[in-house]
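**Q** here's my sequence, what's the structure:
(chains A and B)
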There are 2 protein chains.
Amino acid sequence: MARWAPGASDRLQRAAMELFAEDGYEATTVAGIAGRAGVTERTFFRHFADKREVLFAGGEQLEAAFVGAIADAPGGTSMAGLLAAALDAGGRVLQDGRGRDFSRMRNGIITANEQLRERELLKLAKLSHAVTAALVARGVPQVTASLAGELGVLVFKTAFARWIAPGETRDLLELQREGLAAISDLTRAETV
Amino acid sequence: MARWAPGASDRLQRAAMELFAEDGYEATTVAGIAGRAGVTERTFFRHFADKREVLFAGGEQLEAAFVGAIADAPGGTSMAGLLAAALDAGGRVLQDGRGRDFSRMRNGIITANEQLRERELLKLAKLSHAVTAALVARGVPQVTASLAGELGVLVFKTAFARWIAPGETRDLLELQREGLAAISDLTRAETV
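**A** Numbering: from 1, shown residues only, chains lettered A, B, ... in the order given. Purely as a prediction, here's the structure:
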């Protein structure tokens, strides 16, 4: 179970998730969220621009983890090493931060709403571009960096989908590493 | 330059592309397209459900090429071989069918419109699922097949973006093969 710090931001997030799950995303209002969290609407707007941002706050932290791992890797780290480091750092943000139960609940809400699905896709595209830019900053050629950015997000999102699947117990980092290894295998001509 | 057969469907497609480029997608009407092509609106609707479908007709052919290449590959073909065969077959549909100029023009229209971009993303997701299903039908485990489906679309879309870039002269099949090889390289730990 995710643990909730006593801060207003966390209380608001928990209240919003409960209401989204109970009443649906569309029917939930900022007033309702603030009421459930025991704060004023003004307090809500000090933490989030709107109810949608309750779901997408944290995306910057994920992106910063990916980008930071690439920037901070020792010189001479292989491309595979850079990708693995970025995925480990990003995976840790979700696994040790929000946690699996929160991620699962959030995913259910997003999947049920077309606009939220679209925003999620845009966030993933942004993450891919950020990874690409971080690689280019290390001197990786644009074409390779762009492919690696797309590949990193592909590994992340497929591992994430497995991680939140019902009954899955392996951790996100393990699933990401398995995905990266599987792609390495399945692009080798000698593999059957 | 793409060549246009004298059939009403091709004339309608050409007329629509011209009007989308001249007046914008939003401002173009079915009546205008039919008029430019010298046919009635009724004829338009015998070929396309609406003006949007003028842009997306042909997607089924692309998907069929991907899926057919996987289904028809000899037993024992490696995963890399199946992916390469699917990409070659799909790439050929665009390269020898619509051609680069048409694809470039179409892409410009789609990129400028949010709803069209979204539909294009959904089409790519559908293509990924179709590739996955074709691999599962050959006995590939679901997790591997799903990753391969995503990977195939990733290679396709990144090669496609390079193919239609200004000044690019290499063919789509070559760019796809290069992308597949690059992914193989950049997931190997020993690569710098």
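**Q** tell me the residues of chain A that contact chain B?
**A** Contacts of chain A with chain B, taken as CB under 8 Å from any CB of the partner chain, map to A:76, A:78-81, A:83, A:118, A:121, A:143-144, A:146-148, A:150-151, A:154, A:158, A:162, A:179-192. C-beta: built from backbone N, CA, C; applies to glycine.
**Q** how close does residue A:83 sit to residue B:183?
**A** With distances taken as CB to CB, to the nearest Å, residue A:83 is found 11 Å from residue B:183.
**Q** where's residue A:147, which helix or strand?
**A** Residue A:147 belongs to helix A:142-163 when elements are defined using DSSP states H and E.
**Q** okay, the angle between that helix and helix B:142-163?
**A** 150 degrees (axes from the mean of the first three to the mean of the last three CA atoms, to 10 degrees).
**Q** quick one: buried residues of the next helix or strand after helix A:142-163?
**A** Sequence order places helix A:172-186 as the next helix or strand after helix A:142-163, per DSSP H and E. Within helix A:172-186, the residues that qualify as buried are A:172-173, A:175-180, A:182-186, counting by 16 or more other CB atoms under 10 Å in any protein chain shown.
**Q** and helix A:172-186, what does it pack against?
**A** With contacts defined as 3 or more CB pairs under 8 Å, 6 or more residues apart in numbering or on different chains; DSSP states H and E, the packing partners of helix A:172-186 are helix A:79-92, helix A:142-163, helix B:79-92, helix B:142-163.
**Q** mind running it again at 6 Å?
**A** Secondary-structure packing of helix A:172-186 (3 or more CB pairs under 6 Å, 6 or more residues apart in numbering or on different chains; DSSP states H and E): helix A:79-92, helix A:142-163.
**Q** what about it, average pLDDT?
**A** For helix A:172-186, mean pLDDT is 93.
**Q** list of residues touching the lengthiest helix in chain A?
**A** Assignment by DSSP state H gives helix A:114-137 as the longest helix of chain A. Outside helix A:114-137, the residues that touch it by CB atoms under 6 Å, 6 or more residues apart in numbering or on different chains are A:59, A:63, A:66-67, A:70-71, A:110, A:145-146, A:148-150, A:152-153.
**Q** so it versus helix A:142-163, what angle?
**A** 140 degrees.
**Q** chain center to helix A:114-137: distance?
**A** 10 Å (CA atoms, centre = their mean, to the nearest Å).
**Q** dump the C-alpha coordinates for that helix into PDB.
**A** Written as PDB, here are the backbone C-alpha positions of helix A:114-137 (Å, rounded to 0.1, in the frame of the first residue of the first chain):
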ATOM      1  CA  GLU A 114      -9.900   9.600 -23.900                       C
ATOM      2  CA  GLN A 115      -8.500  13.100 -23.100                       C
ATOM      3  CA  LEU A 116      -6.500  11.700 -20.300                       C
ATOM      4  CA  ARG A 117      -5.200   8.900 -22.500                       C
ATOM      5  CA  GLU A 118      -4.100  11.500 -25.000                       C
ATOM      6  CA  ARG A 119      -2.400  13.600 -22.400                       C
ATOM      7  CA  GLU A 120      -0.600  10.500 -21.200                       C
ATOM      8  CA  LEU A 121       0.700   9.800 -24.700                       C
ATOM      9  CA  LEU A 122       1.900  13.300 -25.100                       C
ATOM     10  CA  LYS A 123       3.800  13.000 -21.700                       C
ATOM     11  CA  LEU A 124       5.400   9.800 -23.000                       C
ATOM     12  CA  ALA A 125       6.400  11.500 -26.200                       C
ATOM     13  CA  LYS A 126       7.900  14.400 -24.200                       C
ATOM     14  CA  LEU A 127       9.800  11.900 -22.100                       C
ATOM     15  CA  SER A 128      11.200  10.300 -25.300                       C
ATOM     16  CA  HIS A 129      12.400  13.700 -26.500                       C
ATOM     17  CA  ALA A 130      14.000  14.500 -23.200                       C
ATOM     18  CA  VAL A 131      15.900  11.300 -23.200                       C
ATOM     19  CA  THR A 132      17.000  12.000 -26.800                       C
ATOM     20  CA  ALA A 133      18.100  15.500 -25.900                       C
ATOM     21  CA  ALA A 134      20.100  14.200 -22.900                       C
ATOM     22  CA  LEU A 135      21.900  11.700 -25.200                       C
ATOM     23  CA  VAL A 136      22.600  14.400 -27.800                       C
ATOM     24  CA  ALA A 137      24.100  16.500 -25.000                       C
END
